[in-house]
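Q: below are the sequence and a predicted model for it; my questions follow.
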Amino acid sequence: MYVRIRREVFNTLDAYKYLKLGTCPINQGTKEHYYFLYLLKTDCGFKTESSADYHLINTVLCYKPTTPVLREMPFKIPLQCKYPRFFHSYKVGFYPKLQGGTVYKALQRRSSFTLTPLDASGNEITGAKTYTLGKPMYFEAKCPYSTAMSTAQRLYVNKCFMTASQDPSSNPKYTVIDNKGCMVDGKVTKQSKFLTGASKMVQKFSVDAMIFKDMASTSSSPQQLYMHCDISLGKLTPTASSKACNFDSESKKWKELYGDDCVCMCCDSTCSSNQPKGKLHFFLHMIHNEMQSVTSRNIISSHSWKVDLSSKDRYVEDNAQMKSFGADTFSLEDPDIAEHSGFLNYWDHDY
């Protein structure tokens with residue numbers, strides 16, 4: 001319990017001798033105040049009470065001078081600390097009334113990955129925003145619910161394809177990433193490639209803006225498209241079955257974004273994980289096929305964007321850099337406690 005009394009209340013200099021908090025004397029004093037500071041477990045004559053809603057601790061601040069004459073009147077001031085007995089998420093002292101009901105739960109598990117179209121500055125494409133035909137489009141795949149354990153993991157984009165419908169199984173479709181992490185569209189245009197970033201739990205990539213030939217019209221109206229990707233988490237060290245490989249048009253070779261380029265050697269053939277032979281191989285192969293079928297049912301899809309067919313160029317400059325979004329900062333300081341913080345270190349000892 002912390003109590004502070006102004007010294008100007010008293011006319012006598014030794015009034016502190018007759019001040020008590022219960023049965024305990026003052027702790028310290030300054031030129032302006034007398035102070036009491038005691039644990040509630042201290043033997044100061046604190047009296048405890050309990051009710052259905054509160055735990056109460058009572059005491060009395062009293063001034064009883066024993067001098068032959070009085071220059072200020074004796075007094076008794078009752079004090080009380082009141083603590084709610086219920087600390088729940090609902091309002092203190094409120095007793096919830098339980099009622100039956102029906103709870104609906106989605107059968108489809110919520111995806112742990114997101115796929116977002118971005119502009120050249122790293123901002124999410126929303127509303128009527130469009131890409132310009134022939135200019136780079138940017139996408140970001142990430143795991144928003146990653147934990148501290150993700151420092152030993154890396155996010156991989158295994159396959160991506162575009163459709164003109166929100167349904168991933170619709171046609172026509174155009175594949176930009178295939179063969180377990182090979183940017184196959186990079187063999188067609190230099191602008192299609194995986195991009196490095198500050199976190200390996202976020203994978204950004206660019207793709208040359210395109211439309212489907214059979215859906216092009218003479219009206220030059222924007223065409224709405226969707227990107228669908230197979231995304232997974234894996235070890236930091238890439239393998240032939242988990243990688244991010246770009247095609248280098250100058251050397252005509254595949255290069256891994258962060259690791260050894262040798263894992264990309266299969267990009268022009270078929271990339272598969274090394275598996276044991278014999279019966280165990282057959283068993284694992286069946287499990288692998290089942291996992292692939294499950295994965296196909298859990299393709300991550302972006303929201304739609306549009307490609308503008310007009311000649312007017314509304315594209316942001318190519319040299320604009322992706323923004324880095326840091327975590328929000330916050331303060332744990334309590335402004336109300338500043339007045340009394342550290343007061344025990346600044347006594348004047350003048351009483």
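A: Nice, thanks for sending it over.
Q: which strand runs longest in the protein?
A: Longest strand in the chain by number of residues (criterion: DSSP state E): strand 223-235.
Q: domains of this protein?
A: The record's domain split for the chain, according to automatic domain parsing, is 2-86, 114-277+295-308.
Q: any idea of the mean pLDDT for the longest one?
A: So that's domain 114-277+295-308. Across domain 114-277+295-308, pLDDT averages out at 83.
Q: coming back round to it: partners of the longest strand of the chain in the sheet?
A: Paired strands of strand 223-235, with direction, are strand 153-163 (antiparallel), strand 300-301 (antiparallel), strand 305-308 (antiparallel) (DSSP bridges).
Q: now do the helices in the protein.
A: For the chain, the helices defined by DSSP state H occupy 279-296.
Q: chain neighbours aside, what residue packs nearest to residue 177?
A: If the residues on either side of it in the chain are set aside, residue 177 comes closest to residue 160, at 4.0 Å by C-beta to C-beta, 6 or more residues apart in numbering. (Each C-beta comes from the backbone N, C-alpha and C, glycine too.)
Q: for the residue nearest to residue 214 when sequence neighbours are not counted, give me its contacts.
A: Nearest non-adjacent residue to residue 214, counting by C-beta to C-beta, 6+ apart: residue 172, 6.6 Å away. With contact set as C-beta atoms under 8 Å, 6 or more residues apart in numbering, residue 172 has these partners: 163, 164, 212, 214, 215.
Q: now the nearest residue to residue 3 once chain neighbours are set aside: how far from residue 27?
A: Nearest in space to residue 3, with sequence neighbours left out and distances taken as C-beta to C-beta, 6+ apart, is residue 36 at 4.1 Å. Distance, residue 36 to residue 27, using C-beta to C-beta, to the nearest Å: 6 Å.
Q: same thing with residue 58?
A: Per C-beta to C-beta, residue 58 is found 20 Å from residue 27.
Q: then residue 233?
A: Residue 233 is 58 Å from residue 27, by C-beta to C-beta.
Q: go on, residue 143?
A: Counting by C-beta to C-beta, the gap from residue 143 to residue 27 is 54 Å.
Q: what about these two, which has more around it?
A: A count of neighbours by other C-beta atoms under 10 Å puts residue 143 above the other of residue 143 and residue 27, at 20 against 15.
Q: buried residues in stretch 47-55?
A: By neighbour count on 16 or more other C-beta atoms under 10 Å, the buried set for stretch 47-55 is residue 54.
Q: just the CA coordinates for it, please, in CSV.
A: Coordinates of each C-alpha in stretch 47-55 appear next as CSV, following Å, rounded to 0.1, in the frame of the first residue of the first chain:
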residue,chain,number,x,y,z
LYS,A,47,-7.6,-6.4,7.9
THR,A,48,-8.8,-8.5,5.0
GLU,A,49,-12.4,-9.3,3.9
SER,A,50,-13.7,-11.4,1.1
SER,A,51,-17.0,-11.2,-0.8
ALA,A,52,-18.4,-13.0,-3.9
ASP,A,53,-16.9,-10.3,-6.2
TYR,A,54,-14.1,-8.7,-4.3
HIS,A,55,-11.1,-9.2,-2.0
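Q: name the residues that touch that stretch?
A: With contacts defined as C-beta under 8 Å, 6+ apart, stretch 47-55 is touched by 56, 57, 58, 59, 82, 83, 84, 85, 86, 93.
Q: out of these, who's nearest residue 76?
A: Distance to residue 76 across these (C-beta to C-beta) is lowest for residue 59, with 10.6 Å.
Q: got a list of what the closest one touches?
A: Listed by C-beta under 8 Å, 6+ apart, the contact set of residue 59 reads 1, 21, 22, 44, 45, 46, 47, 78, 79, 80.
Q: so which of those residues wins on neighbours?
A: residue 21 (25 neighbours).
Q: residues contacting the residue lying closest to that one once chain neighbours are set aside?
A: Excluding the flanking residues, the one nearest residue 21 by C-beta to C-beta, 6+ apart is residue 36, at 4.3 Å. If you count contacts by C-beta under 8 Å, 6+ apart, residue 36 has them with 1, 2, 3, 4, 21, 24, 26, 27, 61.
Q: again with residue 206
A: 136, 137, 138, 139, 191, 192, 193, 195.
Q: could you measure from the second one over to residue 268?
A: Okay, so that is residue 137. 25 Å.
Q: show me which of these two is the more surrounded one.
A: A count of neighbours by other C-beta under 10 Å puts residue 137 above the other of residue 137 and residue 268, at 25 against 14.
Q: in this structure the more buried one contacts residue 130, no?
A: No - the pair residue 137 / residue 130 is not scored as a contact, 10.2 Å apart, by C-beta atoms under 8 Å.
Q: residue 235 against residue 152, yeah?
A: Yes - contact criterion C-beta under 8 Å: residue 235 and residue 152 qualify, at 7.5 Å.
Q: looking at the two, which one has more neighbours?
A: Per other C-beta under 10 Å, whichever of residue 235 and residue 152 has more neighbours is residue 235, with 11 against 8.
Q: ok, back up a step: let me have the strands paired with strand 223-235 in CSV, adding mean neighbour count and distance to residue 112 as columns.
A: Below are the strands paired with strand 223-235 laid out as CSV (neighbours: other C-beta atoms under 10 Å; distance: least, C-beta to C-beta, whole Å):
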stretch, mean neighbour count, distance to residue 112
strand 153-163, 21, 10
strand 300-301, 16, 9
strand 305-308, 20, 23
